[in-house]
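Student: Pasting a predicted model and its sequence here:
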Amino acid sequence: MKQKRIGSSIIVVLVMIYLLIPLAVTIIYSLFEQWTDIVPRGFSFSAYAEIFQDKEFLLSLGRTVVICIIPVALTIVLVLLALFVTTIYFPKLEQYVQIICMIPYTIQGVILSVSILGLYVSNPTFLGNRIVMLIGAYCIIILPYIYQGIRNGMRSVNMPMLLEAAEMLGASKLYAFFKVIVPNILSAIVVSSLLAIGIIFGDYVLVRNLAGSVFPNVQIYLYQAMKSDSMKSSAVFVVIMAVTFLISAVVLYFRSREGQHRSERKRAKE
């Protein structure tokens, strides 16, 4: 038994090292001015100092964070409401909802952006706004990941039984859904949200085609930096990864705190 655990641990460590090698090499490349030999030369933080003094980089990073939060929040609310209605009132329609939510898996970013531009670019309403089009496109792209995570979470908590128990205590179905079901599937929502944030953070095609001129995000800034300075572009990539890890850490921290508070309440009731 111990040998199996040791073997599993070794495999996990080797996989982690393999996955972290590109990030480690990029960090090293961003800290040295030359790396033509085996050992890099010219240690410097000049690339990081340059990008953090650049107002355009800070603005692009802020735009990326904002454009991550809005589509993820909208998609989570829409998927929760759709699954609530189909699970409680129209269970036979759930399979069709699943098919619709899985369709974006097959849609490429270029095809989606060209289709949206052709349909809405001349629209006189707010739908013709480039930012609105970008948010809508991101909602479509992340829809399968959000849906699958929330759906799996709902199936693991026996949603109909919990709602029936809440109704027996006098709560309405909608109130019980958001007060009982949603807190119980919060871990699934968090995981799917982090996956969606990673997808949006790494997007270049959609934002370039739909709103590149009016809403340049950090990926566009990275692309422009790659054409001028490889050390600077490596530093930008490292900062993008650090921000992504920071968002994940903050979300997981609040999730763990909520879990601790919940366990403390259970102990107090007992």
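Tutor: Nice, thanks for sending it over. Since this is a predicted model, take the numbers as computed values, not measurements.
Student: where do the helices sit along the stretch 1-150 of the chain?
Tutor: 2-31, 46-53, 55-88, 94-102, 109-120, 130-156 (DSSP state H, counting those that start in this stretch).
Student: for the helix or strand just after the last one, packing partners?
Tutor: Looking back up the chat, that one is helix 130-156. Note on helix 130-156: by DSSP states H and E, the next helix or strand toward the C-terminus is helix 159-168. Packed against helix 159-168 by the contact rule (3 or more CB pairs under 8 Å, 6 or more residues apart in numbering; DSSP states H and E) you find helix 55-88, helix 173-176. C-beta here means a position set from N, CA and C on the backbone, and glycine is covered the same way.
Student: Now tabulate the helices of the stretch 1-150 of the chain in CSV and tack on distance to residue 250, mean pLDDT and mean neighbour count.
Tutor: Listed next are the helices of the stretch 1-150 of the chain as CSV, based on distance: least, CB to CB, whole Å; pLDDT from 0 to 100; neighbours: other CB atoms under 10 Å:
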stretch, distance to residue 250, mean pLDDT, mean neighbour count
helix 2-31, 20, 82, 11
helix 46-53, 20, 88, 16
helix 55-88, 11, 89, 17
helix 94-102, 27, 88, 14
helix 109-120, 28, 85, 15
helix 130-156, 19, 89, 20
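Student: Dump the ones you listed to CSV, plus distance to residue 177.
Tutor: Output for these, formatted as CSV (distance: least, CB to CB, whole Å):
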stretch, distance to residue 177
helix 2-31, 38
helix 46-53, 44
helix 55-88, 5
helix 94-102, 15
helix 109-120, 31
helix 130-156, 10
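Student: So which of those helices is nearest residue 39?
Tutor: Closest to residue 39 of the helices of the stretch 1-150 of the chain is helix 2-31 (CB to CB; 10.3 Å).
Student: Tell me how far that closest one lies from the chain's centre.
Tutor: Remark: helix 2-31 is offset 23 Å from the chain centroid, using CA atoms, centre = their mean, to the nearest Å.
Student: same check, this time on stretch 207-219
Tutor: 18 Å.
Student: got it, and stretch 98-117?
Tutor: The chain centre lies 17 Å from the centre of stretch 98-117; the measure is CA atoms, centre = their mean.
Student: Quick check: end-to-end length of it?
Tutor: 26 Å (CA to CA, to the nearest Å).
Student: ok, and what's touching that stretch?
Tutor: The contact list for stretch 98-117 (CB atoms under 8 Å, 6 or more residues apart in numbering) reads 79, 133, 136-137, 140-141, 143-144, 147-148, 151, 203, 205-206, 209-210.
Student: Same check on stretch 157-176?
Tutor: Stretch 157-176 is contacted by residues 84, 87, 88, 177, 179, 180, 181, 184, 185 when judged by CB under 8 Å, 6+ apart.
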